[in-house]
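K.L.:
let's see this in three dimensions:
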Amino acid sequence: MIDIAVLDDLLDRMLTAGLSELAVQQGGVRVVMRLGAVIPAGSASKPVPVRTESIGTFRAAHPRRPAGAIKPGDDVSKGMALGYLEAGATLTAIVSPVSGTLSEVIAADGDLLGFGSHVFTVEESA
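P.N.:
You can find the predicted model right below:
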């Protein structure tokens, strides 16, 4: 078995040398290390699409609070209403499934949306 400290050292050397792949064999153990995109520790986030659960006309804000439309960069919490779907006299909230930061608003106010439409993207907090 290869010691974790040895792997740590090899990773440091790979990064310093600008290598994207390294293969090491020690005894009967072979380890191949490949680097993809490097994400700094503590800043990892996961984009989560927020989709509609019914059909209707997209409303960016509640009709009684039109100045309350959410925008990219705003912090959101799980269960928070991000927008609304209007179908006749019914107004249904589109809620965030996770806590994080709103990174994208895809629909425009007044767009007709179908079931499962991608409306927002939230960068989930790590």
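K.L.:
and the most centrally placed residue in the chain, what's its pLDDT?
P.N.:
Nearest to the mean C-alpha position of the chain, counting by Cα atoms, centre = their mean, stands residue 47 at 1.1 Å. As predicted, residue 47 sits at a pLDDT of 92.
K.L.:
surely it is in contact with residue 122?
P.N.:
Yes - Residue 47 is in contact with residue 122 according to Cβ atoms under 8 Å; the separation is 7.5 Å. The C-beta positions use only the backbone N, C-alpha and C, and glycine is treated the same way.
K.L.:
ok, the residue nearest to the centre of the chain - contacts?
P.N.:
By Cβ atoms under 8 Å, 6 or more residues apart in numbering, the residues touching residue 47 are 103, 121-124.
K.L.:
quick check: next helix or strand after the helix or strand harbouring residue 47?
P.N.:
Assigned by DSSP states H and E, residue 47 belongs to strand 46-51. Proceeding N to C from strand 46-51, the next assigned helix or strand is strand 56-59, under DSSP H and E.
K.L.:
may I have the strands that pair with that following strand, each with its orientation?
P.N.:
For strand 56-59, the paired strands and their directions (DSSP bridges) are strand 81-87 (antiparallel), strand 112-113 (antiparallel).
K.L.:
give me the mean pLDDT for the shortest one.
P.N.:
In this case it means strand 112-113. Strand 112-113 shows a mean pLDDT of 94.
K.L.:
hmm, who's touching it?
P.N.:
The contact list for strand 112-113 (Cβ under 8 Å, 6+ apart) reads 52, 55-58, 85, 107, 119.
K.L.:
any chance of the residues you listed in CSV, with neighbour count, distance to residue 73 and pLDDT too?
P.N.:
Below are the contacts of strand 112-113 laid out as CSV (neighbours: other Cβ atoms under 10 Å; distance: Cβ to Cβ, whole Å; pLDDT from 0 to 100):
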residue, neighbour count, distance to residue 73, pLDDT
52, 19, 22, 94
55, 14, 29, 93
56, 21, 26, 95
57, 16, 25, 96
58, 21, 20, 95
85, 23, 23, 96
107, 20, 17, 93
119, 20, 17, 96
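K.L.:
sketch out the low-pLDDT regions of the chain for me.
P.N.:
Applying pLDDT under 70 to the chain picks out residues 1-2, 36-44, 66, 126.
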